[in-house]
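In: build me a model:
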Amino acid sequence: MIVVAAFVAGVLVALALWRLTAQAFAVPVFERENFRLRRLPTAVGVLVVLVALAVDAGVTVAEAAGADPSPYALIGLRLVTIAAIGFGLLGLLDDLGGAGESGGFRGHLRSLAHGRLTTGAIKLFGGAAVAVVVVALVGRSGLGRVLLDGALVALAANLGNLFDRAPGRTTKVALLALAVLVLGAGAEPQLAGVALVVGAGAGLLPADLGERLMLGDAGANVLGAALGLGVVLACSGTTRTVVLVVVAALNLASERVSFSRVISSVGALNAFDRWGRVP
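Out: Prediction:
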């Protein structure tokens, strides 16, 4: 099964890349405090982008050499790679240049009204642009559909970032979302790229839970965007609209409600959130 193979490949390549690059991230420019005030390398989620790029390049070379991969899997992989590069670059900019900036949508818009474009605002507006370009490549027709699907991808990316407030949380949510997507839409070949990216997040999960790294926006946004793109690739227009409403509602709710507080107040969610983390 292509989706399972892609997920496993993501896990293995991410594990190998982290082992090879851990020392490269152990420099001051990446160092940030986590929720427990421990100094850790952030933006390590950029490795998820490199996993997508490396596997896509390998598949491209294999195809040029005469291999015959599924065209649907190849299209899905290519679209996810483009999205990962775009959202990963914007997330990396915010990880390294956005220290001390917060306030959600309102905070970034308030800064813009005063003539200052924050790195968070660049990420939001740039993410919307990346999302529109990627969904247009899917081949959906009509301005309305392109804008709706683009909003779904962009808001899903931001939602991934909103969950990134505790070790492993975004990856755990992404794993659940992938399972729901595959069960609901089927293990379609076009979801191979999505499975690859979520698998890469899973490969970094042990180090994330052990507080040896932080995904940062460079990883959390990519996981969210890939899953949003997966919905666009594999689901009907009605389902995509419903998912968009849910994702938009969660983004708006985050302006007033702390996800961490809600999770800690619900026993099952709290247990799932704390599973595998350092006590």
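In: strands of the chain, residue ranges please.
Out: Secondary structure of the chain (DSSP state E): strands at 31-33, 39-41.
In: I'd like the ones you listed written out as TSV, with mean pLDDT, mean neighbour count and distance to residue 279 added.
Out: (Glycine included, C-beta is placed from N, CA and C.) Listed next are the strands of the chain as TSV, based on pLDDT from 0 to 100; neighbours: other CB atoms under 10 Å; distance: least, CB to CB, whole Å:
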stretch	mean pLDDT	mean neighbour count	distance to residue 279
strand 31-33	90	13	19
strand 39-41	93	17	17
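In: out of those, nearest to residue 17?
Out: Residue 17 lies closest to strand 39-41 among the strands of the chain, at 13.5 Å (CB to CB).
In: my guess is residue 211 meets residue 40, correct?
Out: Yes. Contact criterion CB atoms under 8 Å: residue 211 and residue 40 qualify, at 6.2 Å.
In: give me the common contacts of these two.
Out: residue 34 (CB atoms under 8 Å, 6 or more residues apart in numbering).
In: need the contact list for the nearest residue to residue 15 once chain neighbours are set aside.
Out: Spatial nearest neighbour of residue 15, excluding adjacent residues (CB to CB, 6 or more residues apart in numbering): residue 203 at 4.5 Å. Listed by CB under 8 Å, 6+ apart, the contact set of residue 203 reads 10, 11, 12, 13, 14, 15, 18, 51.
In: ok, residue 266 next?
Out: No contacts exist for residue 266 under CB under 8 Å, 6+ apart.
In: next one: it from residue 259, what distance?
Out: Look at residue 266 and residue 259: by CB to CB, to the nearest Å, they are 11 Å apart.
In: again with residue 58
Out: Counting by CB to CB, the separation of residue 58 from residue 259 is 37 Å.
In: between those two, who's got more neighbours?
Out: Taking neighbours as other CB atoms under 10 Å, residue 58 and residue 259 compare with residue 259 leading, 19 against 12.
In: tell me where the stretch 51-200 of the chain has helices.
Out: Residue ranges of the helices in the stretch 51-200 of the chain, as given by DSSP state H, counting those that start in this stretch, are 71-97, 104-113, 119-138, 143-162, 169-185, 192-209.
In: which of those helices comes out lowest on mean pLDDT?
Out: Note on those: helix 104-113 shows the lowest mean pLDDT, a mean of 64.
In: now do the phi/psi pair for the residue lying farthest from the centre of the chain.
Out: Largest separation from the mean C-alpha position in the chain: residue 66, at 32.1 Å (CA atoms, centre = their mean). As for residue 66, its main-chain torsions (degrees, to the nearest 10) stand at phi 120, psi 0.
In: what would the helices of the stretch 51-200 of the chain look like in JSON lines with distance to residue 228?
Out: Shown next, in JSON lines, are these (distance: least, CB to CB, whole Å):
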{"stretch": "helix 71-97", "distance to residue 228": "9"}
{"stretch": "helix 104-113", "distance to residue 228": "17"}
{"stretch": "helix 119-138", "distance to residue 228": "8"}
{"stretch": "helix 143-162", "distance to residue 228": "3"}
{"stretch": "helix 169-185", "distance to residue 228": "9"}
{"stretch": "helix 192-209", "distance to residue 228": "9"}
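In: just give me the neighbour total for the residue nearest to residue 155 when sequence neighbours are not counted.
Out: Counting by CB to CB, 6+ apart, residue 247 is the residue found nearest to residue 155 once chain neighbours are left out, at 4.6 Å. The tally of other residues near residue 247 (other CB under 10 Å) stands at 23.
In: same deal with residue 138?
Out: 16.
In: that one - nearest residue in space that isn't next to it in sequence?
Out: Distances taken as CB to CB, 6+ apart place residue 232 nearest to residue 138, at 6.1 Å, with adjacent residues excluded.
In: which residues does the one you found contact?
Out: By CB under 8 Å, 6+ apart, the neighbours of residue 232 are 135, 138, 140, 149, 152, 153, 240.
In: much appreciated, bye for now.
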